[in-house]
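> heads up, no residue letters with this:
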């Protein structure tokens, strides 16, 4: 018995090794969930502050204000464009109806709004990447909001702390986005293959959709996260999938993730409403 | 003892800061990232107790994890190499080393230190990238990433060690 105890004590670092490895793997496993632990990420108080300081050092002092104003302006214009596009579509669809009963289209509110934010931490080198921004719960940001840059879709808010939020960008295998080829109404699912930060794959696109190399890929608007028609990228190459009924497209992303600095977080007033409705529908199923 | 702790803390802060603020943003040719913070673990004195070595490497890994949004991955890889460090030194250098000597070119010999570094770095990278790609398996790309990142890390560590004034002083 004493020998056994002595043996165990002399090999105690083995147990410590196994214990520590188990702890590490618990962290890894737990963070495979979509909602992440805010303490162990760059959005907690300490790391967030450090990331925020370095972020402000690296974005050049004079350019920052100008840049922010420009993006804000750009964002307003894009919102305007999307709103007008939607009204136009309604009007086009309504032309056959008796106009006397058509509701005044200007009173139909566009349910999106945006918050400007600065990127304070951004990774592109891992197999699953994350972005941290300097706006959080107190600025009205909550999980599952869409994030876009001047050039296109960036990702989705994964978790928020009081002053910071963690974004799941397209460059993360857990990210999934419903997209379509601009001008058609068939949609596919956008995922990242982990190889290049310039390309992602649009899969499950029906075979009979017609498109050409260089065509624009936009969001489909089926989720509550992004409004329809936000640019994601352009078609770079395509091949048929093995079962031949679907296309798989290589999409060149329009957002340059390596040099991301200002982003807009999209707020959808009706997100909660749509989600509860969908949940209820599923429950009754 | 006190000197060891202060020296260790200094190394930890300097190299973790360099890693987190600068090197984590490097993504050479979109495949390779150097992990210079391993230099801190490499330079811990010979003869640190096994348990202490494990705890130090775990904490180091976890710190890097927290800053680079990869919970657990660096911790797992660092704990793994930390466990094998003493064995590695015994295997490569032999037993006749002074307890408490810091690994360096002059103590291990240039070839010895490089062999030690390569072994340590490659083992760490293999575990790190394997754990990272559990969800996303692509063997060729994985091997390319491991080898290129390991090459960058080893080159950086070799350069830093060559310019480390402490190592030069101890050698005299």
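Sure, I can see it. Bear in mind the structure is a predicted one, so any value in this text is a computation, not a measurement. Numbering: from 1, shown residues only, chains lettered A, B, ... in the order given.

> Quick check: next helix or strand after the helix or strand harbouring residue B:54?
Following DSSP states H and E, the helix or strand that holds residue B:54 is helix B:50-68. In the C-terminal direction, the helix or strand that comes right after helix B:50-68 (DSSP H and E) is helix B:73-93.

> Check which helices and strands the helix or strand following that following helix sits against.
Proceeding C-terminally, helix B:73-93 gives way to helix B:105-108 as the next helix or strand, assigned by DSSP H and E. Helix B:105-108 sits against helix B:110-132, helix B:165-171, with contacts defined as 3 or more Cβ pairs under 8 Å, 6 or more residues apart in numbering or on different chains; DSSP states H and E. Glycine gets a C-beta too; all of them are placed from N, C-alpha and C.

> Pick the most buried one from these.
helix B:110-132 (a mean of 19; mean count of other Cβ atoms under 10 Å in any protein chain shown).

> Just want the angle from that one to helix B:50-68.
On the basis of axes from the mean of the first three to the mean of the last three Cα atoms, to 10 degrees, helix B:110-132 is oriented at 60 degrees to helix B:50-68.

> Do any residues in helix B:110-132 lie close to chain A?
Yes: figure legend: helix B:110-132 in contact with chain A (Cβ under 8 Å from any Cβ of the partner chain); contacting residues B:131, B:132.

> Stretch B:39-53: how far from the chain's middle?
Here stretch B:39-53 is found 10 Å from its chain centre; the criterion is Cα atoms, centre = their mean, to the nearest Å.

> and the stretch 51-200 of chain A, which residues reach chain B?
With Cβ under 8 Å from any Cβ as the criterion, the stretch 51-200 of chain A comes near chain B at residues A:51, A:54, A:121, A:123-130, A:132, A:166, A:173, A:193-197.

> Quick one, which of these are buried?
Neighbour counting by 16 or more other Cβ atoms under 10 Å in any protein chain shown classes A:51, A:54, A:121, A:123-130, A:132, A:166, A:194-195, A:197 among these as buried.

> Just these: which are in helices?
When these are checked against helices (DSSP state H), the matches are A:51, A:54.

> would CSV of the helices and strands packed on helix B:105-108 with distance to residue B:23 be doable?
Compiled in CSV, the helices and strands packed on helix B:105-108 are given as follows (distance: least, Cβ to Cβ, whole Å):
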stretch, distance to residue B:23
helix B:110-132, 14
helix B:165-171, 21
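
> mean pLDDT for those helices: which is lowest?
Lowest mean pLDDT of the helices and strands packed on helix B:105-108: helix B:165-171, a mean of 57.

> Just the closest residue of chain B to chain A, please.
Relative to chain A, the nearest point of chain B is residue B:72 (3.1 Å; Cβ to the nearest Cβ).

> where along chain A do the helices fall?
Counting by DSSP H, the segments of chain A that form helices are A:2-10, A:12-30, A:45-58, A:61-94, A:271-284.

> Serialize these to TSV and add fields for distance to residue B:44 and mean pLDDT.
What follows is the helices of chain A, written out as TSV (distance: least, Cβ to Cβ, whole Å; pLDDT from 0 to 100):
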stretch	distance to residue B:44	mean pLDDT
helix A:2-10	22	81
helix A:12-30	15	84
helix A:45-58	24	71
helix A:61-94	40	79
helix A:271-284	51	79
